[in-house]
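> need a 3D model of the sequence below.
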Amino acid sequence: MNILIGDKIRELRKLHGITQEQLAEAIGISFQAVSKWENHIALPDITLVPALANYFGVTCDELFGMNLMEAKAQISSLCAEAAKYRECDPEKSRAILEEGLKRYPDNDILLNNLLYVIDYSRDPDKTIGLASHLIDKTDSREVRYDALRFLAYAYRCKGDTGSAVAALEQIPKSISQNFPSWHLCRQEKKNTMRLKSKNGFHLRCCCR
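Below is the predicted model of the structure:
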């Protein structure tokens, strides 16, 4: 039971994009207590269970035995639907993802997919803000490295080569093979710029 409820609290917290500090403040405890639950050091006081369930919008039974596969499947479905329109109708793709974020606020996977439909050449600051947020909050190395890639694109389009290279150098060289492409370009004609970091990455980004 200790492991189960601690894992469920962590999974629910991550799913909704909530920090330990935010959860602790909402139910009137210390964030250290939340950390102990999630690390299987302690259990929540039984009197806190209804508050926790109410906060996450689940029943007490679900809190103790909830299967998050359905929520994860819904997020995957939203991302797959949005991906269909990335090139032909990026605004529609973006709308699908933003609607998903209303149901699953600050979800890493939805935010990561959103980076693909924000035009970093037209609005590099928007991309920089979102990518930086993801880099700071995510526990997923894949999401973090992808966000760093987009951060480099956006900084390069702003003419800030130093920051673009600094972003690239935070990605292990071997990771580049895990991305489908290090070259991302929309249908519009743009100037292609090349960038090389000290760790050997060659980045091609398309900027207006």
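> just the strands in this structure please.
183-184, 191-196, 202-207 (DSSP state E).
> please report how far the residue nearest to Lys84 when sequence neighbours are not counted lies from Thr161.
Distance criterion Cβ to Cβ, 6 or more residues apart in numbering; nearest residue to Lys84, sequence neighbours excluded, is Ser93 at 7.5 Å. In short, each C-beta sits where N, CA and C put it, glycine included. From Ser93 across to Thr161, the span is 29 Å (Cβ to Cβ, to the nearest Å).
> and those two? Which one has more around it.
Between Ser93 and Thr161, Ser93 has the larger neighbour count (other Cβ atoms under 10 Å), namely 22 against 13.
> these two touch, right, the more buried one and Leu78?
No. Contact criterion Cβ atoms under 8 Å: Ser93 and Leu78 do not qualify, at 10.3 Å.
> tell me the confidence at the residue nearest to Ile27 when sequence neighbours are not counted?
In space, and not counting its chain neighbours, Ile27 is closest to Ala51: 4.8 Å by Cβ to Cβ, 6+ apart. As predicted, Ala51 sits at a pLDDT of 90.
> repeat that for Thr192.
With respect to pLDDT, Thr192 has a value of 41.
> try Leu115
96.
> just give the nearest non-adjacent residue to it, would you?
In space, and not counting its chain neighbours, Leu115 is closest to Phe150: 4.7 Å by Cβ to Cβ, 6+ apart.
> swap in Ile171?
The shortest distance from Ile171 to any non-neighbouring residue, by Cβ to Cβ, 6+ apart, is to Tyr145 (4.9 Å).
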